[in-house]
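[1] Predicted model, plus sequence, below.
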Amino acid sequence: MKHPISRRQFGTQLGATLLLGGGFANAAVKTPERPSASEVVARIRKKLAKEGIAWSGGGVDTFKIGDPGAPVTGIVSTFQATFEVLQRAAAAKKNFIISHERLFWDFIDEVGTLKQDAPYEVAGSLEKDPVFVAKRRFCEDHGLVVWRFHDHWHRHQPDPIFAGLANKLEWEKYFAPDGPTSYDIAYRLPNISLRNLAKQLQEKLGSRDVRVIGDPATLVSHVGVTAHNLREMHPVLLRTDVVVVGETEEFDVFQYVRDAISLGMPRPKGLIIISHERFEEAGMELLPAWLAPLVPEVPVEFMSAGNPYWVLPQ
Amino acid sequence: MTVKINAWQLVNRIHDLLGERHKEGMYEGRLTRSLYEPVSGILVANEPSIDAVRLAIATGRNCILCRDHPYYLFGEHWSRGVEAELANDPVLKAKRALIEDNGILIIRLASLWDDAWPKWFSGALARALGWKADADVPGDQSSAVYCSVPETPFLALSEFIAQRLGAKTLRNVGAPDLLVKRVAVIHGLAFPTLVFSHVLRDRTVDLIVTGTTPEVDFNTSYIRDAVTAGRKVGLMQIGYEKSEYPGAVEVGAWLRTAFPGIPVDVQPALLEQSWLA
């Protein structure tokens, strides 16, 4: 596995010719010919193919709402197309939103294909839920097109989501390959107490809701960075001193780590939990540098979805 | 005098009293020892953690009655692949040895309580907060209870709940100055989004207080969008364990009544199990 790289290196390695910044918009607006959303996606697929990432059907990277044939007025890259991000995109006159995570909830994602995730369905429906209706109507009223870029964005090596996080944390130089998959990211930091490591994450990610399990004074060095659930996290938990994760379950992962510590196991010594949004957002911040050269006709900008949580002062 | 009862009799008596049986295939029921294991005493502990097992051993209570699974199998899709992944796990092996070497009988009942008395654990949480829940609506099988509270800004209510429950890591979504007069309380895991959609049908609800709920694909994003859509509402996650504890206390009291000859303890309230950086 390659070393995670900085934001600028990422764009350069993947063929970006423009640096991040406001220059995209000025260059693009002057060009009258605007591609459709589906044309933008076609260019993305072509570039991915050149980079060795074959397009796989049946995944989540599809249009979620809007007319794919609509001319694109501007592109917004975001971690999640929350209603608030959609409002800001519309205000900025950018009608094509590329979102890493879902537009809707409960595995509902594509309007009109609400049954796509049948195995997870629960009784009832959100189709007439007022929030669902309002969000859908807003998209329709403002001609917004939302496309998800999740699986194929993750397939880059290095995975831009993890590279973005490493960049934010300034951990690239500590990267220590730890396994064959994109979830086997680890870093060898100079010895640091769990408390100070958590503080570092809090400060660098601008997030107050950093939760920690473990003795604050415990010294750690080998830091795993992984995601999701106990099944997926388990190999990393066994190999590293402490694992940093964005959103995981309190009813199994927390309990497993606490038991490991109570038993005096050598690993894991701790768990640091940040929000899913803080964990992954930086990866979507990298997208404009990669995408802008493909769409010189229109501006591309990143919009933060923002950390959902606030916590009490300690 | 201690009454002699075995695991099978204990579980069946609970079923009889509730008029409900636990679901098969949900990792519930007797999880260790045999059906005929005598019960010398019960420790009620939502999480049958290493610490809880050690407490049971130290206090001579050979049966732990819990909500969660000792080997991290919560159930449904969350547990897919966990058992296989942890097959050779050193933590699980050590925990299993501690349980087996000390003859600890573990009985997990989780969905049973919610199926039999859907409002019990949420009501217990509301009572722990000093709130009175509305009377049950016949036929309502959801676990949410609704409470009218003195009008309080969201921030101040967070401070009150943090202090009352010792829950410093509670996480909030919504405007801190939101005035809260009516709260929906949902114990444990609030899931899926339809649970919140149902709650928001009551236009008077200003705040949902729950233990934990997923962030991105489900409920938290839904509440964020509801706020943007103009709904004046907040979400407070007080922590899974903190939200379940008042229910465990009430289960303990109920068991003492149901099984007067059997010693029943409830694991003392734990310090918050994670901390904020």
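    Done, it's in.

[2] Now stretch B:15-29: buried residues?
    Under the neighbour-count criterion of 16 or more other CB atoms under 10 Å in any protein chain shown, stretch B:15-29 has B:His15, B:Leu18, B:Glu20, B:Arg21, B:His22, B:Met26, B:Tyr27, B:Glu28, B:Gly29 buried. Where you see a C-beta, it was placed from the backbone N, CA and C, and this is true even at glycine.

[3] tell me the contacts of the residue lying closest to the last one once chain neighbours are set aside?
    I take that to be B:Gly29. Closest residue to B:Gly29 in three dimensions, ignoring its sequence neighbours and counting by CB to CB, 6 or more residues apart in numbering or on different chains: B:His22, at 5.5 Å. Going by CB atoms under 8 Å, 6 or more residues apart in numbering or on different chains, B:His22 touches B:Val11, B:His15, B:Glu28, B:Gly29, B:Leu109, B:Ala110, B:Ser111, B:Leu112.

[4] with those in mind, which one is nearest to chain A?
    Distances from the contacts of B:His22 to chain A were compared by CB to the nearest CB; the smallest belongs to B:Ala110, at 9.8 Å.

[5] which SS class is residue 216?
    Since you didn't name a chain, this refers to chain A. Taking DSSP: H, G, I helix; E, B strand; the rest coil as the rule, one finds A:Pro216 in the coil state.

[6] Not quite, go with chain B.
    For B:Val216, the secondary structure call by three-state DSSP comes out as coil.

[7] That one: how many residues sit nearby?
    Neighbours of B:Val216 under the rule other CB atoms under 10 Å in any protein chain shown: 23.

[8] can you check the one 3 residues further on too?
    For B:Asn219, the neighbour count with other CB under 10 Å is 29.

[9] Not counting sequence-adjacent ones, nearest residue to it?
    According to CB to CB, 6+ apart, the nearest residue to B:Asn219 is B:Thr213 (4.1 Å).

[10] between the contacts of B:His22, which is closest to A:Val236?
    Minimum distance to A:Val236 across the contacts of B:His22 is 27.8 Å, recorded for B:Ala110 (CB to CB).

[11] quick one: contacts for that closest one?
    B:His22, B:Met26, B:Glu28, B:Arg67, B:Asp68, B:Gly75.

[12] you'd agree the residue nearest to B:Asn219 is up against B:Ala190?
    Yes: the pair B:Thr213 and B:Ala190 passes the contact test of CB atoms under 8 Å, sitting 4.2 Å apart.

[13] where are the low-confidence patches of the stretch 151-300 of chain A?
    Counting by pLDDT under 70, the ranges of the stretch 151-300 of chain A that qualify are A:180-183.

[14] what's the answer for chain B, then?
    Confidence mapping of chain B against pLDDT under 70 gives the ranges B:1-3, B:25.

[15] Strands of that one, start to end?
    For chain B, the strands defined by DSSP state E occupy B:29-30, B:42-44, B:63-66, B:105-108, B:145-153, B:171-173, B:179-189, B:207-212, B:234-237, B:264-266, B:275-276.

[16] Likewise for chain A?
    Read by DSSP E, chain A holds these strands, from start to end of the chain: A:63-65, A:75-78, A:96-99, A:145-148, A:185-193, A:211-213, A:219-227, A:242-246, A:270-274, A:300-303, A:310-311.

[17] Show me the residue at the heart of the chain, geometrically.
    Unless you meant another one, I'm taking chain A. A:Glu280 (3.4 Å; CA atoms, centre = their mean).

[18] was after chain B, sorry
    Geometric middle of chain B (CA atoms, centre = their mean) lands on B:Glu244, at 3.2 Å.

[19] Help me confirm that that residue comes into contact with B:Gly188.
    Yes: counting by CB under 8 Å, B:Glu244 touches B:Gly188, with 5.4 Å between them.
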